[in-house]
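*Asks:* Structure for the following, please:
(chains A and B, ligands or ions: 2)
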Amino acid sequence: MSDARDTRTTLAADRRALLRGAGGLLAVLLAPGVTLYAMGGAEAEARAPGEAVSPKVRWGLLIDVNACPADCDACVAACRTENGWADTGHKATDPHWIRKVSVRDPASGAAREVPVMCQHCASAPCVDVCPTGASFRRADGIVLVDRHICIGCRYCIMACPYKARTLVHEPVHDQTADAPRGKGTVEGCTLCAPRIDAGRLPACVEACAAKGGAMLFGDLNDPNSAIAKAVAARAPARIRADLRLDPGVGYRGL
Amino acid sequence: MAKLAFQTLDDHSTPFWALIAVHVALVAAGLGAALYMEENGHIVTGMNNQIVWGLPHVFAVFLIVAASGALNVASVSSVFNRLAYKPYARLSGLLAIALLIGGLAVLVLDLGRPDRLLVAMTTYNFKSIFAWNIYLYSGFVVIVAAYLFSMMDRQAAKSAAFGKAMGWLAFGWRLVLTTGTGSIFGFLIAREAYDAAILAPLFIAASFLYGLAFTVLVLLTMSRETRDELMPEEMLGKFRGLLVIFALAVLYFTAVQHVTKLYSAAHQGVELFLLRDGGIFPLIFWLGQIGIGTVLPLALLAFAPRGTKGRLAIELASALFLIGGLAQLYVIIIGGQAFPLALFPGMEVSSPALDGAVGRYVPALPELLLGASGVSMAMLIVALALRLMPFLPKAPAGAVSANAAPDQGLGGSDPMPSGRAL
Ligand code: SF4
Ligand code: SF4
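*Replies:* Ligands and ions are numbered 1, 2, ... in the order given. Alright, predicted model coming up:
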């Protein structure tokens, strides 16, 4: 079994090398698709329409669990509004792009509320297993599902260790323009790619900031960004760090 | 040296027509269920975001695994040169293709977007084992078809080398195919139930058992239908022995799988869940897989009278092995998902997305119909092929050889020395 683990690690390393090599090509290939998201915002960070996603960037989140009160679900509510998902009345098949997980240590009794969404893994198992390539990782680290190619096989849901994806089990109505959803396809957190491409913050981060701010968003690769500085000062915790998937989401106070 | 002769099925009894009618009805119901699911979404099934692969996957994987095992008899006859099995080689190849098509049909019809089959066939992610399997499956059909051709075409059948080469190729391919199917689960790093290298050999052993059980059932049904002794006494004994060996192999690998995991601290939780605490899953495991699906048929085979009187026991045992196979895959596939993913190992967790909760799943009728229709589809393909082409042996070695006449049509005739013991 340790053999299997070793093979996996090597595979992951190979995969990363491959991805790095393919990064440039990927950026070119993805550019036409990505313009769909680009809204040509005026902010400094926004990409111009048609400009490729830069592989130099790695978007990430740092979430301070200690600053996240139990009774607050501003991030979840903002995500619902932004991306047009809602409870369906069927608990087991409800969509969840982001959720708050109550974690309690049975030994000490210490309790936490942890916002969990797609961790935008660098070595994303969902991307590796997807038969059609509908699950893909943008050059800037955002992991997305191409709703036009997804065949609804659910292999990515089986593969994701974070329960970050859900299948749309029923016909959907009232979709928002930036977040197409479709019965029979899989969905999950997009890190609000359309907003990021327009130079804005993800909806959850913006809503959280209004409540005091437990979330930090930015470019992990830019040494001058607040998130990179915070990460450099003290390494964040990762959920299931043992799986070594290099998630783009880190936590404090786990 | 008796000649090996084959026959087509051209006269059907009433019970046989009834069997065909049942299969046709089931296929129709399965297709209707698929349409219904596609129209309304997966909400009309028992599947949800915890159990994303339900009963259709159980049937699909079962049929695909059985397909590669069904090829056994042909492999044994040509790769290992056991001539006693030669009369069944054609049927074994046919059954392999039919079971695979049945399984794949179920898999495809259970997709969230079955209408995008074309996308699945034209857009590949070459890193995905799922995509690899599409090649493995289509390659299997092509190779087994070529293998059948090498046996059945008059010209081709003359070249022993061609037949032998195809036999080897098909044999190698089927091992890779079963490993590929097992690997689908091996890639799910976070699911503790699947984190075991033993799954690949377990799937191979299981394929031997299910494939042979299907072969035996079809042969015995056809014996009734043709009133020919398709399984003479000697073969009955051989098949009985093989069934016992394969069932013990599956049991052995199942034991290794569970025992090794019980002793690993990281996997104890999921093991106790599947074997003791998980409600329906331990029940299906102990009662379905072990009791009804292994111990009972083994006892039947052990205590049944020798010779032709044991025919009914062998038939019954084969059916029970298949039921055990479905139970086994139910526990692996659905039980493995029902055990909650551990995002925070050692912690108590809860969330609106049902983190930390055991997945609940009750199969809905459309799923059952779709899954079962895969079996029926395979059986209909076999029945149709038997009618169109000479797949069935006629008075094989050991039977009354007086009426062994060379057949007409496509059937090649191979020299057939009296059978060698395996
Ligand atoms: S969290 Fe899950 S869905 Fe998101 S990138 Fe990682 S594996 Fe994929
Ligand atoms: S459900 Fe869609 S995105 Fe997920 S693996 Fe299948 S095709 Fe890819």
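*Asks:* From residue B:368, how far out is the residue in the stretch 151-300 of chain B that ligand 1 sits nearest to?
*Replies:* Residue of the stretch 151-300 of chain B nearest ligand 1, by CB to the nearest ligand atom: residue B:190 (8.6 Å). C-betas here are computed from N, CA, C, even on glycine. As judged by CB to CB, to the nearest Å, residue B:190 and residue B:368 stand 29 Å apart.
*Asks:* now residue B:16, nearest residue through space, not along the chain?
*Replies:* residue B:225 (5.4 Å; CB to CB, 6 or more residues apart in numbering or on different chains).
*Asks:* give me the number of residues near that neighbour?
*Replies:* Residues contacting residue B:225 under the criterion other CB atoms under 10 Å in any protein chain shown number 19.
*Asks:* roughly how far is the host helix or strand of it from the heart of the chain?
*Replies:* Residue B:225 is part of helix B:199-226, with elements assigned from DSSP states H and E. Taking CA atoms, centre = their mean, to the nearest Å, one finds helix B:199-226 lying 7 Å from the centre of the chain it belongs to.
*Asks:* Could you pull up the mean pLDDT of that helix?
*Replies:* Mean per-residue pLDDT for helix B:199-226: 92.
*Asks:* now stretch A:147-154
*Replies:* Stretch A:147-154 comes out at a mean pLDDT of 95.
*Asks:* now for the very next helix or strand once past the helix holding residue B:225, which elements pack on it?
*Replies:* Using DSSP H and E, the helix or strand that follows helix B:199-226 towards the C-terminus is helix B:233-262. Helices and strands touching helix B:233-262, by 3 or more CB pairs under 8 Å, 6 or more residues apart in numbering or on different chains; DSSP states H and E, are helix B:199-226, helix B:268-272, helix B:296-303, helix B:311-329.
*Asks:* any weak-confidence spans in the chain?
*Replies:* Let's take chain A. A:1-46, A:49 (pLDDT under 70).
*Asks:* think we crossed wires, I meant chain B
*Replies:* Ranges of chain B meeting pLDDT under 70: B:1-3, B:395-422.
*Asks:* go again using 80 as the cut-off
*Replies:* The model of chain B has pLDDT under 80 over residues B:1-3, B:186, B:195-197, B:307-308, B:395-422.
*Asks:* mind listing the strands in it by residue range?
*Replies:* For chain B, the strands defined by DSSP state E occupy B:2-3, B:5-7, B:348-350, B:392-394, B:415-416.
*Asks:* Leaving out chain neighbours, which residue sits closest to the closest residue to ligand 2 within the stretch 151-254 of chain A?
*Replies:* Nearest to ligand 2, among the residues of the stretch 151-254 of chain A, is residue A:156, at 3.2 Å (CB to the nearest ligand atom). Nearest residue to residue A:156 in three dimensions, chain neighbours excluded: residue A:126, at 3.8 Å (CB to CB, 6+ apart).
*Asks:* Next, work out how far apart the one you found and residue B:187 are.
*Replies:* For residue A:126, the distance to residue B:187 - CB to CB - is 11 Å.
*Asks:* between those two, what contacts are shared?
*Replies:* Here residue A:126 and residue B:187 have residue A:159 as joint contacts, going by CB atoms under 8 Å, 6 or more residues apart in numbering or on different chains.
*Asks:* Comparing these two, which residue is more hemmed in?
*Replies:* Shown here are residue A:126 and residue B:187; by other CB under 10 Å, residue A:126 has more neighbours (27 against 19).
*Asks:* quick check, the helix or strand where that one lies touching ligand 1?
*Replies:* Residue A:126 belongs to helix A:125-129 when assigned by DSSP H and E. Yes. Legend: contact between helix A:125-129 and ligand 1 by CB under 6 Å from any ligand atom is shown at A:125-126.
*Asks:* how many neighbours does residue B:308 have?
*Replies:* 12.
*Asks:* which ones are touching it?
*Replies:* B:233, B:236.
*Asks:* Distance check, it against residue B:58.
*Replies:* 35 Å.
*Asks:* Pull the number of nearby residues for residue A:161.
*Replies:* Residue A:161 - counted by other CB under 10 Å - has 22 other residues nearby.
*Asks:* actually residue B:304, not the one I typed
*Replies:* So residue B:304, with other CB under 10 Å, has 18 neighbours.
*Asks:* I'd say it and residue B:313 touch.
*Replies:* Yes. In terms of CB atoms under 8 Å, residue B:304 counts as a neighbour of residue B:313; the distance is 3.1 Å.
*Asks:* Chain neighbours aside, what residue packs nearest to residue B:360?
*Replies:* Residue B:360 sits nearest to residue A:92 (CB to CB, 6+ apart), 6.7 Å away.
*Asks:* Tell me the residues of chain A that contact ligand 2?
*Replies:* A:130, A:132, A:134-135, A:145, A:150-156, A:186.
*Asks:* Which of the residues you listed fall within helices?
*Replies:* Taking DSSP state H, the ones among these that sit in helices are A:155-156.
*Asks:* Including distance to ligand 1 and neighbour count, could the residues of chain A next to ligand 2 go into a markdown table?
*Replies:* Converted to a markdown table, the residues of chain A next to ligand 2 look like this (distance: CB to the nearest ligand atom, whole Å; neighbours: other CB atoms under 10 Å in any protein chain shown):
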| residue | distance to ligand 1 | neighbour count |
| --- | --- | --- |
| A:130 | 9 | 27 |
| A:132 | 15 | 23 |
| A:134 | 12 | 26 |
| A:135 | 7 | 28 |
| A:145 | 9 | 21 |
| A:150 | 13 | 27 |
| A:151 | 17 | 26 |
| A:152 | 15 | 25 |
| A:153 | 14 | 28 |
| A:154 | 12 | 23 |
| A:155 | 11 | 27 |
| A:156 | 6 | 28 |
| A:186 | 9 | 27 |
